[in-house]
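1. turn this into a model:
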Amino acid sequence: MIIPTNPKRLRGNWKDGYALDKHVLKSTFLGENEYGHPQFETQRSQLGEAVFQLKYRVDKSKISDISETVCDFIKNKWSDISFDYILPVPPSKIRATQPVIEIAKKVSRDLKISLSDTDIVKDKTTSQLKDLNNYDDRVEVLRDAFQTKTSNLSEKIILILDDLYSSGATLSVLTDVLYNKGRVRAIYILTLTRAK
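-> Residues are numbered from 1 along each chain as shown. Got it, this is the predicted structure:
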């Protein structure tokens, strides 16, 4: 099932990029629980909810609908682009199921685009980016975090897939590495959701 979306163009050092929808539509503070932790009532977009269920509730049934939505967007928006590889953003946290990688695998199979999930790695432990509000601080934390491991990407057209666009720092640093060290020809960005 294709999930309705509201795509927004993302500006950056890449050729073209989009976030398919907002992640959260509305979040209301409800107060603190008995442990002093803030509690919220959160309303997510349909795609945001599907991503949340996959990422935090490990609901793998969401992979198919999310992937179908991604494939539909790619076929309609970039029908004239022949992508050589889909590259999921390397995860910053180890999980039993890596949502972006699982979605990238399915999109790769469905669109018959090669998957590149080992050509670039995050080989430097970084602090949680969500704890940093400043874009320049985020870029500094990510400096030298990503490394290319092969020359497979040289002169290729790459689609980078991520789950959430916040400041764009991760995608910007990753794009720089791919252009400068990986020698790719063109980079396109697609994130499932975007922060407010």
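2. in three-state terms, label the spatially most central residue of the chain for me.
-> With distances taken as C-alpha atoms, centre = their mean, the residue of the chain nearest its centroid is D162 (0.8 Å). Three-state call for D162 (DSSP: H, G, I helix; E, B strand; the rest coil): strand.
3. can you name the residues in contact with stretch 97-108?
-> Contact with stretch 97-108 is made by 51, 54-55, 58, 60, 63-64, 66-67, 70-71, 74, 86-89, 91, 113-115, 117, 161-163, 192, as judged by C-beta atoms under 8 Å, 6 or more residues apart in numbering. For every residue, glycine as well, the C-beta is placed using N, CA and C.
4. likewise stretch 72-88?
-> Contacts for stretch 72-88 (C-beta under 8 Å, 6+ apart): 2, 5, 7, 16, 18, 20, 98, 100-101, 103-104, 107-108, 111, 113-117, 119-120, 152-153, 156-162, 178, 188, 190.
5. pull the helix or strand with minimum mean pLDDT from the protein.
-> Across the helices and strands of the chain, mean confidence by mean pLDDT, DSSP states H and E is lowest for helix 135-142: a mean of 64.
6. and G31, how many neighbours?
-> If you count neighbours by other C-beta atoms under 10 Å, G31 ends up with 7.
7. what about it, helix or strand, and which?
-> strand 24-32 (DSSP states H and E).
8. and if you look at A19?
-> strand 16-22.
9. re the thing from before, just the buried residues from the contacts of stretch 72-88, in PyMOL please.
-> Filtering the contacts of stretch 72-88 down to the buried ones (16 or more other C-beta atoms under 10 Å) takes a single PyMOL command:
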select buried, resi 5+16+18+20+98+100+101+103+104+107+108+113+115+116+117+119+120+153+156+157+158+159+160+161+162+178+188+190
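10. start to end distance for stretch 55-68?
-> 17 Å (C-alpha to C-alpha, to the nearest Å).
11. how about the residue of the chain positioned farthest from its centre, what does it touch?
-> Centroid-distance maximum for the chain: E34 at 34.3 Å, with C-alpha atoms, centre = their mean. Neighbouring residues of E34 by C-beta under 8 Å, 6+ apart: there are none.
12. before we move on, the earlier item: so the residue nearest to the centre of the chain sits right up against R194, yeah?
-> No: under the criterion of C-beta atoms under 8 Å, D162 makes no contact with R194, lying 10.1 Å away.
13. for K8, give me its contacts.
-> K8 is in contact with Y18, A19, R194, counting by C-beta under 8 Å, 6+ apart.
14. quick one: the helices in this protein?
-> Secondary structure of the chain by DSSP state H: the helices cover 46-57, 62-77, 99-111, 135-142, 169-180.
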